[in-house]
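Q: Pasted the sequence and its predicted model underneath.
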Amino acid sequence: MARVSTSVLLIDVAAAVYGLYGFQGLLTVDGAHYLYGGQRFAQGVPPYVGAFDIKGPLGPMLVGLPVAIANRLGWNDLLAVRATWLLLGCLAVLATYWTGTRLFQSPRVGLFAAFTFLGFFGFARYTASGPETKIPMVVFEILCLYFVLGKRWLRASLFGTLASLI
């Protein structure tokens, strides 16, 4: 039960910290490319056909999912993508806690790792003002490391592959 409450607390703290950056941040050039690629993907156009980008195909696909949901519900697609990226950032903090706890066999070290990760400005500023595909890439890399530490090779290779496709 303590682990569940710690996880919920970490998600709440991460959402509060990342939420301070707000959803109204500037859309970078890369973010605009990903948003446009995601909008085209949500319309049924595969990556590299409607919008070419030299990066992997998973980025526009990940952006396209919240865009498609937002379009179906009549919401603003950019805000839906930024809310999804906020959730991914919170998942990165939680996965860092799990990985630190598993690596050092100590929940205290896991908390220290999570709070240290929470303080990375370069990650935090794009979490709520994305879409910056480094956010899901980092989440996939942390989850890959977590599963490597648990000797769950199939899951580790799955997340490692997802990280490489971004």
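A: Right, received. Where do you want to start?

Q: where do the helices sit along this protein?
A: 2-19, 29-42, 58-73, 77-104, 107-118, 121-127, 134-149, 153-164 (DSSP state H).

Q: In JSON lines, list the ones you listed along with mean neighbour count, mean pLDDT and distance to residue 49.
A: Yep, even glycine has a C-beta here, placed from its N, CA and C like the rest. Shown next, in JSON lines, are the helices of the chain (neighbours: other C-beta atoms under 10 Å; pLDDT from 0 to 100; distance: least, C-beta to C-beta, whole Å):
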{"stretch": "helix 2-19", "mean neighbour count": "15", "mean pLDDT": "85", "distance to residue 49": "33"}
{"stretch": "helix 29-42", "mean neighbour count": "20", "mean pLDDT": "89", "distance to residue 49": "8"}
{"stretch": "helix 58-73", "mean neighbour count": "20", "mean pLDDT": "92", "distance to residue 49": "10"}
{"stretch": "helix 77-104", "mean neighbour count": "22", "mean pLDDT": "94", "distance to residue 49": "19"}
{"stretch": "helix 107-118", "mean neighbour count": "18", "mean pLDDT": "94", "distance to residue 49": "36"}
{"stretch": "helix 121-127", "mean neighbour count": "17", "mean pLDDT": "88", "distance to residue 49": "26"}
{"stretch": "helix 134-149", "mean neighbour count": "21", "mean pLDDT": "96", "distance to residue 49": "22"}
{"stretch": "helix 153-164", "mean neighbour count": "15", "mean pLDDT": "96", "distance to residue 49": "21"}
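
Q: Make TSV from those helices and add distance to residue 52 to it.
A: Formatted as TSV, the helices of the chain follow (distance: least, C-beta to C-beta, whole Å):
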stretch	distance to residue 52
helix 2-19	31
helix 29-42	9
helix 58-73	10
helix 77-104	20
helix 107-118	33
helix 121-127	22
helix 134-149	20
helix 153-164	19
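
Q: Select, out of these, the one closest to residue 51.
A: Closest to residue 51 of the helices of the chain is helix 29-42 (C-beta to C-beta; 4.5 Å).
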